[in-house]
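Novice: Structure of the sequence below:
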Amino acid sequence: MTSSIRYARTSGLTDREIRKILNMDLDQLDLSALQQFPKQLLHLIQTISQKNSIRFSGFHVTQFMKISDFGIAGYVLMSCRNMAQLQEKYQYYHRLIGNVTRLTVGIEGKDVIFSWKAIKDLPAEIERIVMDYLVASITIHSYELTGKKLQIKKATFSWPAPEDISEYL
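Specialist: Residues are numbered from 1 along each chain as shown. Next comes the predicted model:
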């Protein structure tokens with residue numbers, strides 16, 4: 001959520017406007033707020049999209065993401081020595097930092113398979129944004145934490161591909 005707030009601010013929304021949309025104190029937001037306030041978050045996203053004349057996606061928010069947004073889990077992830085340890089810890093702490101998706105991680109040969117499944121009933125638009133955000137965040141954080149660019153070989157989603165897939169490439 002804090003990366004969404006940073007993105008909203010750079011999109012020209014004031015803290016007062018953001019507070020009015022979300023109807024909550026911005027300093028107390030965390031990832032668990034998504035479950036409790038999906039309609040407010042969707043309204044914020046729609047406001048940003050209208051203000052900037054863009055289709056908002058979870059990828060936009062990742063530009064403003066910081067590992068410290070994940071609190072103690074972020075610091076644990078920063079202590080990982082390799083990708084295997086990172087994926088193990090990420091899977092464990094995912095349950096603590098987000099309560100709207102379930103993560104499973106598997107290994108197939110040299111490939112790591114991350115699979116997120118929505119476990120809360122969210123509006124379809126929010127679910128898409130969350131899934132985009134999760135895919136982008138694992139690539140960004142794996143690079144930030146290991147110094148190696150994660151090569152995504154394949155990404156599948158439970159909805160049809162958008163007309164413009166350039167964000168995914």
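Novice: Which neighbouring elements make contact with the helix or strand harbouring Phe59?
Specialist: Using DSSP states H and E, Phe59 falls within helix 58-62. With contacts defined as 3 or more Cβ pairs under 8 Å, 6 or more residues apart in numbering; DSSP states H and E, helix 58-62 has these neighbours: helix 2-10, helix 124-146. To be clear about C-beta, it is placed using only N, CA and C from the backbone, and glycine gets the same treatment.
Novice: Of those helices, which shows the lowest average pLDDT?
Specialist: With a mean of 77, helix 124-146 has the lowest mean pLDDT of these.
Novice: buried set for that helix?
Specialist: Within helix 124-146, the residues scored as buried using 16 or more other Cβ atoms under 10 Å are 126-142, 145.
Novice: repeat for stretch 47-54
Specialist: 47-48.
Novice: for the record, mean pLDDT for it?
Specialist: Regarding stretch 47-54, the rounded mean pLDDT is 78.
Novice: Alpha carbons of it, as CSV, please.
Specialist: Taking C-alpha atoms only, stretch 47-54 is exported to CSV below (Å, rounded to 0.1, in the frame of the first residue of the first chain):
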residue,chain,number,x,y,z
THR,A,47,-8.6,8.5,-9.7
ILE,A,48,-4.9,8.1,-10.7
SER,A,49,-5.8,6.6,-14.0
GLN,A,50,-8.2,9.4,-14.8
LYS,A,51,-5.8,12.1,-13.7
ASN,A,52,-3.0,10.7,-15.9
SER,A,53,-5.2,9.3,-18.7
ILE,A,54,-3.6,5.9,-18.4
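Novice: what sits up against that stretch?
Specialist: 7-8, 11-13, 17, 21, 55-56, 60 (Cβ atoms under 8 Å, 6 or more residues apart in numbering).
Novice: Dump the residues you listed into CSV; add neighbour count as well.
Specialist: Supplementary listing: the contacts of stretch 47-54 in CSV, determined by neighbours: other Cβ atoms under 10 Å:
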residue, neighbour count
Tyr7, 20
Ala8, 24
Ser11, 17
Gly12, 11
Leu13, 19
Glu17, 15
Ile21, 19
Arg55, 11
Phe56, 23
His60, 24
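Novice: Mean pLDDT per helix and strand in the protein: which one sits at the bottom?
Specialist: Sorting the helices and strands of the chain by mean pLDDT, DSSP states H and E puts helix 33-36 at the bottom, at a mean of 52.
Novice: Which helix or strand lies directly C-terminal to it?
Specialist: That would be, after helix 33-36 and using DSSP H and E, helix 38-52.
Novice: As a quick check, tell me the outermost residue of the chain.
Specialist: Gly109 (26.7 Å; Cα atoms, centre = their mean).
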